[in-house]
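sharing a model prediction with you, sequence too.
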Amino acid sequence: MHRLSTRRLMLFPSAVCAALLLAACGSDTETAPTEPEGPAAEGPALAIPAAPDEPYGGESTPPTPEPLAITLPLTPGVYVMSGESCARPSNAGFRVFDGRGISGSATRNCRATVRASSGDVHQVDQSCIDTYSGQRTTTVQTLTIPDARSFTQTEDGEAASFRLCPAGETPGYLKDLVSP
């Protein structure tokens, strides 16, 4: 009688699993199919790969797929909160739009997926990696974008307005974050 691991069967389509289970659970009587003889009997007829111990490469959640397109009408660059200096913005006072998402001092590798748009108001799912924990989280944000050089970001009822810094006025470490 053959023994198959249920864990290993999860990787196969249901029709293949059904056939394997029927073969594995078959009776031991003379009517049961016999094992092949000759060279084919030397190796397994079907190799069933083991399920990985860490299905998402060590991550606790599946990776977030890249959005197919983003249509935020913003110019990529460093943005600072109203009243902040482009040369020395505080950690809370800057955002970086790299053409794919809006990152801050505590987030990186952000990807915005537009859920809905009406005029200059865009509701987005913003998926970012937390700089400190390394965990990817997704938040719903509302972006009001009156022109390609400014926006207001609203999340959980808190709103902050940002303006694009002119080229050459931001610190190098922030400029490096603009390139995707």
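Looks like it arrived, so ask away. Numbering: from 1, shown residues only.

need phi/psi at Ala92.
phi -80, psi -10 (degrees, to the nearest 10).

pull the number of nearby residues for it.
12 (other C-beta atoms under 10 Å). Where you see a C-beta, it was placed from the backbone N, CA and C, and this is true even at glycine.

if I pick it, what's in contact with it?
By C-beta atoms under 8 Å, 6 or more residues apart in numbering, Ala92 lies in contact with 81, 104-105.

ok, now with 10 Å
By C-beta atoms under 10 Å, 6 or more residues apart in numbering, Ala92 lies in contact with 81, 84, 104-106, 160.

again, but for Asn91
So Asn91 contacts 104-106 (C-beta under 10 Å, 6+ apart).

any idea how far it is from Ala160?
13 Å (C-beta to C-beta, to the nearest Å).

ok, which pair from the contacts of Ala92 is furthest apart?
Glu84 and Ala106 (16.2 Å; C-beta to C-beta).

more crowded one of these two?
Each of Glu84 and Ala106 has its neighbours counted (other C-beta under 10 Å); Glu84 has more, 17 against 12.

how about the helices of this structure, start to end?
Using DSSP state H, the helices of the chain run over 6-9, 14-25, 172-178.

quick one: mean pLDDT for the first one?
The average pLDDT within helix 6-9 is 38.

who's in contact with Ser90?
Counted by C-beta under 10 Å, 6+ apart, Ser90 has contacts 80-81, 84, 105.

out of those, which is most surrounded?
Using other C-beta under 10 Å as the neighbour criterion, Val80 leads the contacts of Ser90 with 23 neighbours.

read off the pLDDT value for that one.
Val80 carries a pLDDT value of 97.

can you tell me which residues contact it?
The contact partners of Val80, taken as C-beta under 10 Å, 6+ apart, are 86-90, 93-95, 161-165, 169-170, 174.

and those, which is closest to Asp120?
Out of the contacts of Val80, the member with the shortest distance to Asp120 (by C-beta to C-beta) is Ser161, at 12.9 Å.

what does the pLDDT read for that closest one?
So Ser161 comes in at 97 (pLDDT).

Arg149 is in contact with that one, correct?
No. Distance between Ser161 and Arg149: 11.8 Å, which falls outside the contact criterion (C-beta atoms under 10 Å).

how close does Pro152 get to Leu174?
Just so we're on the same page, residue 152 is Thr rather than Pro. 20 Å.
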